[in-house]
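J.: Model the following, please.
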Amino acid sequence: MSLQTGHSQRGATLIISLVLLLIITLLAISSMREVTLEERIVGNLRDKQTAFNAAESALREGEIRLTNSIGPADTSAACSTSAENCVLATIPSDVDSVFESGSVMAYKGSTAQQTDLYSVADDPRWFSALIGFDPADSTGRVEVTDPEERSRGVGPYYYQVNARSPGRSQRMTETLQSVVVQRY
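T.: Reported below is the predicted structural model:
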C-alpha cells in the first residue's frame, strides 16, 4: 500500500529552471554579439591608424625630398621610380585622379636604402605640386622686392605635397596634404 501525500508535484521548478536558462542564454548571445562588434570596430581603427601612419611616412618623404633639393624643383620631369622628386607644374583640381593615373612616387623611405612598410596592402604614394614663387599675401606684399633677385628666382617657392596609403586592406585609404616653403 502506498501513502499519498496531500501535495502533488506540478513541475514548477522545471519551468522556472528552463526560463532562467533561456534568460542566461539570451544574455550570453547578446554579449557575444557585442564583443564581435567591438572587435570589428577595433580592427577598423587599427586599419585606419596603419593607413594614416603609412601616408604620413610618404608625406614626410615628399617634404624631405623637396627640402633637400639644391634649387627649385623641375616641374617638367615625369614622375618615375628613378626620379628624386615628383612635382607637378600646377595644383590638380582632382587629387584622386593623379593617384589613379600613376603619376606619383612610391614610398622609398628617406634613407639611401629602400625602406619597407609592413602591414600595408600596397606601398604609400606621394606627389607634390608647385603652388607658386613668392606669392603676394592678402595685403599685396611680396617677400623679395629686388627685381634682379626676383628675375633669378631667389626667394620662397611654395609646394603642396600629397600622400596616400591603404591600410592593412584596400578598403581603408588615408590621404594627407601639407604645404612646404623652400627658399633658394
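J.: Help me confirm that K48 is found in a helix?
T.: Yes - with DSSP: H, G, I helix; E, B strand; the rest coil as the criterion, K48 is part of a helix.
J.: Wait, it touches R171, no?
T.: No - using Cβ atoms under 8 Å, K48 is not in contact with R171; the gap is 10.5 Å. All C-beta atoms are positioned from the backbone trio N, CA, C, and that covers glycine.
J.: more neighbours, those two?
T.: Ranked by neighbour count (other Cβ atoms under 10 Å), K48 and R171 place K48 first, with 15 against 11.
J.: Once you drop chain neighbours, what's closest to the more buried one?
T.: By the measure of Cβ to Cβ, 6 or more residues apart in numbering, the closest residue to K48 outside its immediate chain neighbours is M172, 5.6 Å from it.
J.: quick one: contacts for the one you found?
T.: Shown in contact with M172 (Cβ atoms under 8 Å, 6 or more residues apart in numbering): N44, D47, K48, T50, A51, P166.
J.: again, only this time at 10 Å
T.: 43-52, 120-121, 165-166 (Cβ atoms under 10 Å, 6 or more residues apart in numbering).
J.: Mind jotting down where the helices sit in this protein?
T.: Counting by DSSP state H, the chain has helices at residues 12-67, 95-101, 147-152.
J.: Turn those into TSV, columns for distance to G140 and mean pLDDT.
T.: As requested, the helices of the chain are exported to TSV (distance: least, Cβ to Cβ, whole Å; pLDDT from 0 to 100):
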stretch	distance to G140	mean pLDDT
helix 12-67	27	92
helix 95-101	29	86
helix 147-152	15	78
